[in-house]
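Visitor: Predicted model and sequence below, questions to follow.
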Amino acid sequence: NAGVTQTPKFQVLKTGQSMTLQCAQDMNHNSMYWYRQDPGMGLRLIYYSASEGTTDKGEVPNGYNVSRLNKREFSLRLESAAPSQTSVYFCANQRSNTEAFFGQGTRLTVV
Amino acid sequence: GENVEQHPSTLSVQEGDSAVIKCTYSDSASNYFPWYKQELGKRPQLIIDIRSNVGEKKDQRIAVTLNKTAKHFSLHITETQPEDSAVYFCAADSGGYQKVTFGTGTKLQVIP
């Protein structure tokens, strides 16, 4: 029972490159989230998905796209990476009104 | 939508003293209030939570209080230890849109 699994754990991109961060859960929870956390800062919501096939923008969606093709997976795509997107990215899941579970995080550096 | 404010942003206490972190929320429909601890380089993890039908909950040295009328809730850590040093996040969840809203975090430093 892995909970929430993110890949990769570390990534270095050049400005303008694209990449997809993968997140998978084995907990069968409806809600999934993508957050970014800059050094010394809090969690800022990028996108969330209340159920399979639905996604909604969070606080900082610009420069990102997401895909929730099935209940298990929620991916985050950076189409053209910028240095401002250097951050730690966390995927999380939740069943309504219960604990949220976080993945181990992806440390992304854009140079 | 929900707005959660958290204070203070940083807090330093001597080992053995108590620490209190406060949060306010805006959506009266919120009914679930978790607290997460994030150690350096790690993921946030739940340490305690409270539901709207309860005013206080304790788990060893940690307690949370909720005042629904005033829309605020607090985390209390007694007899602090160096391993309590971390960033703490409060959150509020109305359950309606299945979206939990986090506070901005409090960096707690326990000085030995």
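Guide: Happy to help now that I have it. Because the structure is predicted, anything quoted here is derived from the model rather than measured.

Visitor: does chain A sit close to the worst-scoring helix or strand of chain B on mean pLDDT?
Guide: In chain B, no helix or strand scores lower on mean pLDDT, DSSP states H and E than strand B:100-102, which sits at a mean of 88. Yes: contact of strand B:100-102 with chain A is found when judged by C-beta under 8 Å from any C-beta of the partner chain, involving B:100, B:102. All C-beta spots, glycine's among them, are computed from the backbone N, C-alpha and C.

Visitor: Mind listing the residues bridging to the closest residue to A:Lys57 other than its chain neighbours?
Guide: Distance criterion C-beta to C-beta, 6 or more residues apart in numbering or on different chains; nearest residue to A:Lys57, sequence neighbours excluded, is A:Tyr47 at 6.1 Å. Note on A:Tyr47: beta-bridge partners A:Trp34, A:Lys57, judged by DSSP bridges.

Visitor: I figured A:Arg72 hits A:Gln25, correct?
Guide: Yes: at 5.9 Å, A:Arg72 counts as touching A:Gln25 under the criterion of C-beta atoms under 8 Å.

Visitor: next SSE after the strand or helix carrying A:Phe101?
Guide: Assessed by DSSP states H and E, A:Phe101 sits inside strand A:100-102. Later in the chain than strand A:100-102, the nearest helix or strand by DSSP H and E is strand A:106-110.

Visitor: what comes up buried for that following strand?
Guide: A:106, A:108, A:110 (16 or more other C-beta atoms under 10 Å in any protein chain shown).

Visitor: In contact with the most centrally placed residue in chain A, which residues are there?
Guide: By C-alpha atoms, centre = their mean, the mean C-alpha position of chain A lies nearest to A:Trp34, the distance being 3.2 Å. Contacts for A:Trp34 were tallied using C-beta atoms under 8 Å, 6 or more residues apart in numbering or on different chains; they are A:21, A:23, A:45-48, A:58, A:64, A:66, A:74, A:76, A:89-91.
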